[in-house]
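**Student:** could you work out the structure for the sequence below:
(chains A and B)
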Amino acid sequence: MFITDIRKEFYEVVANQRVALLVASDIDALCACKILQALFHCDQVQYTLVPVTGWQDLSTAFLEHKEQFKYFVLINCGANVDLLEMLQPDDDSVFFICDTHRPVDVVNVYNDTQIKLLIKQDDDLGVPSYDDIFRDEEEEGDDSGNESDEGSEPSGKRRRFDEGAIERRIDRQRAKREWEARRREILFEYEQYEYHGTAASMMFFELAWVLTKDTKDMLWWAVIGLTDQWVHDKITRMKYITDIATMQRHVSRHNHRNEDEENSLSIDCMRISFEYDLRLSLYQHWSLYESICNSCYTSCNFKLWTLNGQKKLQEFLADMGLPLKQVRQKFNSMDMSIKENLRDVIAESSMKYGMKDIRIQTFGVHFGFKNRFLASDMVHATTALLESTEKDESDGDNFIKALDSLSRSNLECLHAGIDQAKKKLMAIQQTVASCICTNLILSQGPFLYCYLMEGTPDVKLFSKPMALALLSKYLLKAFVHSTRNKRCKLLPLIMAAPKDVEKGTVIVVGIPPESETSDKKNFFGRAFEKAAESTSSRTLHDHFDTSIIELKTEDRSKFLDALITLLS
Amino acid sequence: MFCEKSIELIRELHRMSDGQLPAFNEDGLRQVLQEMEALYEQNQTDVNAAKAEGRADLIPSIKLRHCCLLRNQRCITAYLYDRLLRIRALRWEYGSVLPPNVRFHMCAEEVQWFGNYKKSLASFMRSLGGGEGLDITQDMKPPKSLYIEVRCLKDHGEFEIDDGTVILLKKNSQHFLPRWKCEQLIRQGVLEHVMS
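**Tutor:** Model (predicted):
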């Protein structure tokens, strides 16, 4: 059931209890977890935090902890599947689920006792009504009761009654079949597309606000969670803008201090500011040139994998009057005169080159003289740490490192993350360039398909789901900009990359087609399930996003064929 | 040169400056004591000779040997005293049961001294708090909060806290627990205090 008053029905219930936090591995979940941890520290609620990477992890963690805990809080996992059936908990376990995955499973919505959803009821849900899906069993009992009564009637009247009874029974059965067919249809429509709702970190920030225990750190984490949804293309632009407006209200509330000459805040205090900043990834921690070359938006619009594109870039820089020497050095060392109006100059020039949206609303943080970060910088850095592919680092270690990097006191961690993010972005750009130039993207009819061979440079980076999803998104954008085939521009993309060479598995990701007004709804989850069933391929649907699966390399071709037949 | 051995003893302790206890250097101590004996004998004969024969030219060497004797005495007492201070610090660090490798480094008298110190400390602690006793070896720095956040560095299995609840300590899980229960495990290296 949906929770209406998050303070009374969630926080006050768990405030005197011990809670287990099961947190999924994405940045929004990490930010939400940090906010909740800070609240628990304030009120000394004892908790245990366990990172989970997939459904199997979730089940294992639940089994290990179910003896000791009654209350479980699941962050960014568990809403889109029948949780009670999967975990088989005892009757007194209570689950609080704050998950952005939609559609929420109908059993979770209509269970009144054990499942509490920390989701706003109007958050773009469209849940079918109760009567459409669940049917009370009493009606069946009445019918059979009537039949047995009728059977004990004297035989003289029996024939007349029997005919009436048979007709009624036929009617009832027909009504039941119709109802069941409609139910299947409604459920199919409801569960067909997978998409994302409001960020979990924003939900928990609202909880903090209602408790008036919100701090600037929590606000910053909520902003990072929201930006993660934008960077990884989980929400539409409209939703992002709306949510930014919500956050802006909080930011201005926190910034509302009478700062003047005498009462100014120390430079070390944290300041969050609204920025209408450039869509160049990590540009303040890199050189402007590198950032333009390695950001999806600029790279696709200029088509930087072609010679023509490179020339256009040089023209663009010359048009703005930025000397190459300045542009190639570290951003912090650029001349002040250039940095001052940089955003406006770039925005103006990019209009001439067809890039109308080079600026996006976002937030930046600023504490101390040297430390200035944009929300998207933090997202890239933390994602790189979370999915780092260095040896001897398990998923748990990466989770802990990424969680640490979100605290302001762990700046070396964050800077290490920024370096890794730069490498990742460069790897993505190079892979995109090579895929486009060697025509690795094939049109299979109802979708586009691309497979990264084992020897591709940096292919290890793409064995992780979020990195592969980011690569697919950039690749699809680049493909749409470079192809002339109008039909191909509207197709979705499936990407596969080797995941584990010893076990012989690949990771497969499906993303919806690229368009300005796309609603980011992904139907590949169900499609993958059906294709796997029909070909009995050995697949693992372990990830919380149903559009990301693992597959045995040998089963790749038959799985693809099944998908083609399914979707055409 | 005289007093070299005693300086070596001091240097040995100085090398391990962070409070560790090196093995008890019985050999070194014996050598210093032998040197002192030899010096004393020589001085004794020289003093007798000087008194009997009135030889004033022996006086500087007598003085020199006397200074060396005093210096050796100071060095030895400094060595022994510094070791005792370190052993005393061990009680506060490790508790009343010392790990066997540390014990191995102590000589018999030091072990006895440690036992006596433990008894004194225990009776003092019992007398505090109006006869109820107070464990002053806990909470050496004033604690900022009742509960601290800890991270598990290795799999430790199940762990019971005061109200009977059991916590599963698995690698990379984080917990928010009462600080007095965690201190022991933090010292053992199973848990790590997370500050944010």
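**Student:** contacts, neighbours, all on C-alpha from now
**Tutor:** OK.
**Student:** lowest average confidence, helix or strand, in the chain?
**Tutor:** Went with chain A since none was named. For chain A, the helix or strand with the lowest mean confidence is helix A:138-151, at a mean of 44 (criterion: mean pLDDT, DSSP states H and E).
**Student:** not what I meant, chain B
**Tutor:** Taking all helices and strands of chain B together, the one with the lowest average confidence (mean pLDDT, DSSP H and E) is helix B:179-188, at a mean of 78.
**Student:** what does chain B have sitting close to chain A?
**Tutor:** For chain B, the residues found near chain A under the criterion Cα under 8 Å from any Cα of the partner chain are B:146-147, B:165-168, B:171-177, B:196.
**Student:** out of the residues you listed, who's the most crowded?
**Tutor:** Neighbour counts for these, by other Cα atoms under 10 Å in any protein chain shown, peak at B:His175, which reaches 26 neighbours.
**Student:** any idea which helix or strand carries that one?
**Tutor:** Following DSSP states H and E, the helix or strand that holds B:His175 is strand B:174-178.
**Student:** give the other helices and strands that that strand contacts.
**Tutor:** strand A:47-51, strand B:147-152 (3 or more Cα pairs under 8 Å, 6 or more residues apart in numbering or on different chains; DSSP states H and E).
**Student:** using PDB, list the CA coordinates for the longest one.
**Tutor:** These are the backbone C-alpha positions of strand B:147-152, laid out as PDB (Å, rounded to 0.1, in the frame of the first residue of the first chain):
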ATOM      1  CA  TYR B 147      26.100   5.100  18.900                       C
ATOM      2  CA  ILE B 148      28.800   5.100  16.200                       C
ATOM      3  CA  GLU B 149      28.800   4.000  12.600                       C
ATOM      4  CA  VAL B 150      31.100   1.100  11.900                       C
ATOM      5  CA  ARG B 151      32.000  -0.800   8.800                       C
ATOM      6  CA  CYS B 152      32.800  -4.500   8.800                       C
END
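**Student:** so what touches the following helix or strand past that strand?
**Tutor:** Towards the C-terminus, the helix or strand next in line after strand B:147-152, according to DSSP H and E, is strand B:157-160. Contacting residues not belonging to strand B:157-160 are listed as B:Val166, B:Ile167, B:Leu168, B:Leu169, B:Lys170 [Cα atoms under 8 Å, 6 or more residues apart in numbering or on different chains].
**Student:** switch to 6 Å and redo it
**Tutor:** Among residues not part of strand B:157-160, those counted as contacts by Cα atoms under 6 Å, 6 or more residues apart in numbering or on different chains are B:Val166, B:Ile167, B:Leu168, B:Leu169.
**Student:** relative to A:Phe373, how far out is the residue in the stretch 151-300 of chain A positioned nearest to chain B?
**Tutor:** The stretch 151-300 of chain A approaches chain B most closely through A:Asp217 (11.1 Å), counting by Cα to the nearest Cα. For A:Asp217, the distance to A:Phe373 under the criterion Cα to Cα, to the nearest Å works out to 13 Å.
**Student:** same question for A:Leu563.
**Tutor:** Between A:Leu563 and A:Phe373 the computed distance is 43 Å (Cα to Cα).
**Student:** can you check B:Lys144 too?
**Tutor:** The spacing between B:Lys144 and A:Phe373, counted by Cα to Cα, is 31 Å.
**Student:** swap in A:Val509?
**Tutor:** As defined by Cα to Cα, A:Val509 lies at a distance of 31 Å from A:Phe373.
**Student:** more neighbours: these two, which one.
**Tutor:** Each of A:Val509 and A:Phe373 has its neighbours counted (other Cα under 10 Å); A:Val509 has more, 24 against 17.
**Student:** is it fair to say B:Pro142 lies in a strand?
**Tutor:** No - counting by DSSP: H, G, I helix; E, B strand; the rest coil, B:Pro142 is located in no strand; its state is coil.
**Student:** find the centremost residue of chain B, please.
**Tutor:** Of all residues in chain B, the one closest to the mean position by Cα atoms, centre = their mean is B:Arg86, 1.7 Å from it.
**Student:** nearest spatial neighbour of that one, skipping sequence neighbours?
**Tutor:** In space, not counting the residues next to it along the chain, B:Arg86 is nearest to B:Gly19; the distance is 5.9 Å by Cα to Cα, 6 or more residues apart in numbering or on different chains.
**Student:** what strand or helix carries that neighbour?
**Tutor:** Per DSSP H and E, B:Gly19 falls between elements, in no helix or strand.
**Student:** so which residue of the stretch 401-550 of chain A comes closest to chain B?
**Tutor:** A:Ser407 (6.1 Å).
**Student:** the stretch 51-200 of chain A too?
**Tutor:** The shortest separation between the stretch 51-200 of chain A and chain B is 6.1 Å, found at A:Gln68 (distances taken as Cα to the nearest Cα).
**Student:** and that residue, how far from B:Glu53?
**Tutor:** Following Cα to Cα, the distance that separates A:Gln68 from B:Glu53 is 92 Å.
**Student:** got the contact list for the closest residue to chain A within chain B?
**Tutor:** Using Cα to the nearest Cα, the point where chain B gets nearest to chain A is B:His175, with a distance of 4.3 Å. Shown here is B:His175, whose contacts under the criterion Cα under 6 Å, 6+ apart are A:Tyr47, A:Thr48, B:Glu149, B:Val150.
**Student:** what residues are bridge-paired with the third one?
**Tutor:** By that I understand B:Glu149. Using DSSP bridges, the bridge partners assigned to B:Glu149 are B:Phe176.
**Student:** could you double-check that it lies in contact with B:Phe176?
**Tutor:** Yes - with the criterion set as Cα atoms under 6 Å, B:Glu149 and B:Phe176 qualify as a contacting pair; they are 4.4 Å apart.
**Student:** could you find the closest non-adjacent residue to residue 79?
**Tutor:** Since you didn't name a chain, this refers to chain A. Of all residues beyond its chain neighbours, the one nearest A:Ala79 is A:Val104 (5.2 Å), with distances taken as Cα to Cα, 6+ apart.
**Student:** look at chain B instead
**Tutor:** Nearest in space to B:Tyr79, with sequence neighbours left out and distances taken as Cα to Cα, 6+ apart, is B:Ile10 at 6.0 Å.
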